[in-house]
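Q: Need a 3D model of the following:
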Amino acid sequence: MAPMPRQISAQIYVGIAILVIGGGLVGGEYFLVKWYPNHERHVRDETLSLRPYRNDSLGIDMQVADGLFGKVENFPGGVRIYRSKFWGIGPSLTITSQPNPDQSAEFSPQVLAKWETQGVSEEIPRYHFERTKIQNRDAVLIQQFKDRAMMLTARVISPDRIIEANCTPGQEDEDLFMEACEESLRTMKVAGPEPPPAVVELTPPARTTPAPGKKH
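A: Okay, the predicted model is just below:
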């Protein structure tokens, strides 16, 4: 007669369950506390790491974030740098150059006013205008929501040319890749004579006339 199989006691089942659940909790804690923050930091560092890029035909020299750098396509008057994705839209940077007919080193008040109010007049979502300096040249930075993604536009003027650069994160992490866009655009150097340094006028301190009868 064949021996009857031994029944596994409930305590063994409970012990196995405790081991499995405990191991899962320990693994989850390691993932949340140690591995994932380190992974996020590594991804961020790799995305924001800058590499040199130069285009003599456009008259630019800059640093481009690794997260944006991929394929490079030249076209008449410009270049497109992008990372392709199998699904969705990847990040890209498109730069164009055009002659500056006025040969001015600064944008006119009229065109600045137009750009500043464009978000309201055209009801553009998440529009933000900033006048700034990029590598000591007059420039503007414009953020807007366009084509289902955020876009950061930089326009930089020199007496020879006007550069426009449009950078978008596509469907990647918006905050991280918008930072990559801004860090890249703020490194852009435009060829041509450097603008003169700003002159700071120093006003001598006003001299006070002592009241009558007082000695100094």
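
Q: In terms of residue numbering, what are the domains of this structure?
A: 13-48, 52-190 (automatic domain parsing).

Q: Make a markdown table from these and add distance to residue 196, mean pLDDT and mean neighbour count to it.
A: In short, each C-beta sits where N, CA and C put it, glycine included. As requested, the domains of the chain are arranged in a markdown table below (distance: least, C-beta to C-beta, whole Å; pLDDT from 0 to 100; neighbours: other C-beta atoms under 10 Å):
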| stretch | distance to residue 196 | mean pLDDT | mean neighbour count |
| --- | --- | --- | --- |
| domain 13-48 | 33 | 69 | 11 |
| domain 52-190 | 8 | 95 | 17 |
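
Q: all helices in this protein, in order from the N-terminus.
A: For the chain, helices defined by DSSP state H occupy the ranges 10-30, 36-48, 109-121, 174-185.

Q: which helices and strands does the second one pack with?
A: Yep, that's helix 36-48 we're talking about. Packed against helix 36-48 by the contact rule (3 or more C-beta pairs under 8 Å, 6 or more residues apart in numbering; DSSP states H and E) you find helix 174-185.

Q: can you give me the angle the helix it packs on makes with helix 36-48?
A: Angle, helix 174-185 to helix 36-48, by axes from the mean of the first three to the mean of the last three C-alpha atoms, to 10 degrees: 30 degrees.

Q: ok, residues contacting helix 174-185?
A: When contacts are defined by C-beta atoms under 8 Å, 6 or more residues apart in numbering, helix 174-185 is touched by residues 43-44, 47-48, 50, 62-65, 67-68, 91, 93, 134, 141, 143, 149-150, 152, 154, 165, 167-170.

Q: and these, which of them are in strands?
A: Among these, DSSP state E puts 50, 62-65, 93, 134, 141, 143, 149-150, 152, 154, 165, 167-168 in strands.

Q: I'd like the distance between residue 88 and residue 73.
A: If you measure residue 88 against residue 73 using C-beta to C-beta, to the nearest Å, the figure is 19 Å.

Q: which residues does residue 139 contact?
A: Counting by C-beta under 8 Å, 6+ apart, residue 139 touches 131, 132, 133, 154, 155, 156, 157.

Q: Confirm for me that residue 63 is in contact with residue 51.
A: Yes - if you go by C-beta atoms under 8 Å, residue 63 and residue 51 touch, sitting 6.7 Å apart.

Q: Just give me how far stretch 109-125 sits from the chain centre.
A: 22 Å (C-alpha atoms, centre = their mean, to the nearest Å).
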